[in-house]
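Q: starting from these lines, generate the structure:
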Amino acid sequence: MAKTRQIRYIIFLKDVLILALTCFGGPQVHLTMFLDRLVKKHNYITEAEILELQALCQVLPGPTSTQTITAIGFRLGGPSLAYLTLFVWVLPGTLLMTLAALGVTYVDKNQLTNLTRFIKPMGVAFIFFAAYSIGLKVIKTKTSVVLMVLSAIAAYLFRSPYITPIWILLGGLATSFKFDQHEKMEKQPIKIEWANFILWVGVLIFSVVLGAVTHSLPVRLFENFYRNGSLAFGGGHILKPLLYNEFVEFKHYLSADEFLSGVAIVEVAPGPVFSIAAFVGSLSMREWGTIGEILGSISATMGIFLPGTFLIFFVIRFWNELKKYRGIRASLEGINAASTGLTGAAAISLFQPMSTDLVADLTIILTLILLQTRLVPTYLIIFGGLFLGWIIT
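A: Here you go, the predicted model:
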């Protein structure tokens, strides 16, 4: 029996690696691929369970897709498998972003722009398709339609990083009042294990104190990214302005052009969008040489991913009991609806600057057709875009 479990865990980690190498875009895009491989193909978890986990991770700070796939690993094999899942999922994107940081000073800006010429509209198409695909699964009532539309309008009109957590919480609150439409379930007293919550707070305080005492740049970078990872509600789209304000505008570790290059490259990188932290952390320590850049990447990566991991480990232990409360289950409808609207708004905002570019428009349409018909695997679509960009370069 134990050997069978080990084999299943190895197969699961292989699937995580495949996803880490082929998932492009944000958490909603990742979710569609999680559903295909982890639910439909290998049945590690049910569709309802993964949607519940995704909704739960939406209201926690940190990288949503990373927390979701780590939570699945936790359910399958406990903390050990969860930490292995986190490592396998994060590694490819982080390595790519570190290499990009090491080589960014040697790449001509115009060459980089040409190389990503088709990738940017493809990224917009992925986000549109994600909003459509997830919407088909979660938008089932008039209330959810209204919440989706309102959250999309709000996010489009008010380009603030605070809109995402506000509307996710408002969506959950709005549908929680529909608790009487859900069947009653026998509830047990909720036993909360505080260890991971204490760990989350403890690591933050310890890193702040250690950085202040030692003035060590790697320690201070870890604390900076750990703090940002603890505040980033809503995924990578929220993280980017947080990092820009701190590391470009305030600390001047990077130039605006360097940061925007990282934003373009991370759209090409597989895995979590939060891997942009490796790029920023690496360039923040470029004065230390190559070893310093690698150390900066490691400090930033650990700092950005650990807080969200500690928090999901804290909540997942009592989530099964918490969701037995009808108000909690009812709130998931609004959380998913608001998330869909926010995703659609992000796609529209990103599409606007390229709306008059015929090549970009055609690229988006062709990519949507390929995604809908599933004629070409996702990774081949991305590599095709890179190949066309390389020809231009």
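Q: ok, for L86, nearest residue in space, not its chain neighbours?
A: Excluding its sequence neighbours, the residue lying closest to L86 (C-beta to C-beta, 6 or more residues apart in numbering) is T70, at 4.9 Å. In this view, the C-beta of every residue, glycine as well, is placed from N, C-alpha and C.
Q: the one you found contacts A82, correct?
A: Yes: applying C-beta atoms under 8 Å as the test, T70 and A82 come out as touching, 5.1 Å apart.
Q: so what sits against both of the two?
A: T309 (C-beta atoms under 8 Å, 6 or more residues apart in numbering).
Q: which one's more surrounded, these two?
A: T70 (31 against 22; other C-beta atoms under 10 Å).
Q: which element, helix or strand, includes the more buried one?
A: helix 64-103 (DSSP states H and E).
Q: how about I348, what does it touch?
A: I348 touches A152, Y156, counting by C-beta under 8 Å, 6+ apart.
Q: confirm it sits in a strand?
A: No: going by DSSP: H, G, I helix; E, B strand; the rest coil, the assignment for I348 is helix, not a strand.
Q: just the pLDDT for it.
A: I348 carries a pLDDT score of 85 in this model.
Q: tell me, what's the model's pLDDT at M148?
A: Value for M148, per-residue pLDDT: 92.
Q: what helix or strand is it on?
A: Going by DSSP H and E, M148 is in helix 142-157.
Q: buried residues in that helix?
A: Neighbour counts over helix 142-157 (16 or more other C-beta atoms under 10 Å) mark T143, S144, L147, M148, L150, S151, A152, A154, A155, Y156 as buried.
Q: identify the residues contacting it?
A: Contacts for helix 142-157 (C-beta under 8 Å, 6+ apart): 135, 138-139, 163-164, 167, 170-171, 174-175, 178, 333-334, 336-338, 340-342, 344-346, 348-349.
Q: what's the first helix or strand after that helix?
A: Following helix 142-157 toward the C-terminus (DSSP H and E): helix 163-176.
Q: ok and that following helix relative to helix 142-157, angle-wise?
A: 160 degrees (axes from the mean of the first three to the mean of the last three C-alpha atoms, to 10 degrees).
Q: just checking, what packs against helix 163-176?
A: helix 142-157, helix 326-351 (3 or more C-beta pairs under 8 Å, 6 or more residues apart in numbering; DSSP states H and E).
Q: only alpha carbons, please: show that helix as CSV.
A: What follows is helix 163-176, C-alpha atoms only, in CSV (Å, rounded to 0.1, in the frame of the first residue of the first chain):
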residue,chain,number,x,y,z
ILE,A,163,-9.8,46.6,-6.4
THR,A,164,-9.1,42.9,-6.6
PRO,A,165,-9.3,42.0,-2.9
ILE,A,166,-12.2,44.4,-2.3
TRP,A,167,-14.4,42.9,-5.0
ILE,A,168,-13.5,39.3,-4.1
LEU,A,169,-14.5,40.0,-0.6
LEU,A,170,-17.6,41.9,-1.7
GLY,A,171,-18.6,39.1,-4.0
GLY,A,172,-18.2,36.5,-1.3
LEU,A,173,-20.2,38.6,1.2
ALA,A,174,-23.0,39.2,-1.3
THR,A,175,-23.7,35.5,-2.0
SER,A,176,-23.1,34.5,1.6
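Q: what's the angle from the very next helix or strand once past it to helix 64-103?
A: Using DSSP H and E, the helix or strand that follows helix 163-176 in sequence is helix 195-214. Going by the same axes, to 10 degrees, helix 195-214 is angled at 30 degrees with respect to helix 64-103.
Q: helices or strands up against helix 195-214?
A: So helix 195-214, by 3+ C-beta pairs under 8 Å, 6+ apart, packs with helix 217-231, helix 289-322.
Q: how much space is there between the residue nearest to L86 and S133?
A: According to C-beta to C-beta, to the nearest Å, T70 and S133 sit 22 Å apart.
Q: ok, R220 next?
A: In terms of C-beta to C-beta, R220 sits 41 Å off from S133.
Q: burial measure for L13, as a count.
A: Using other C-beta under 10 Å, L13 is surrounded by 18 other residues.
Q: and the gap between it and P27?
A: L13 is 20 Å from P27, by C-beta to C-beta.
Q: and for G62?
A: From G62 to P27 the distance is 11 Å (C-beta to C-beta).
Q: which residues sit in contact with L350?
A: G123, V124, I127.
Q: for those residues, give me TSV that also has neighbour count, distance to G93 and pLDDT.
A: Formatted as TSV, the contacts of L350 follow (neighbours: other C-beta atoms under 10 Å; distance: C-beta to C-beta, whole Å; pLDDT from 0 to 100):
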residue	neighbour count	distance to G93	pLDDT
G123	25	14	73
V124	26	20	78
I127	24	17	74
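Q: quick one: which of those residues is nearest W390?
A: G123 (17.2 Å; C-beta to C-beta).
Q: what is the helix or strand hosting the closest one packed up against?
A: Assigned by DSSP H and E, G123 falls within helix 119-138. Under the contact criterion of 3+ C-beta pairs under 8 Å, 6+ apart, helix 119-138 touches helix 27-34, helix 47-58, helix 256-268, helix 326-351, helix 358-373, helix 378-392.
Q: out of those, the one nearest K3 is which?
A: Per C-beta to C-beta, nearest to K3 of the helices and strands packed on helix 119-138: helix 47-58, 25.8 Å.
Q: report the angle between the closest one and helix 27-34.
A: 160 degrees.
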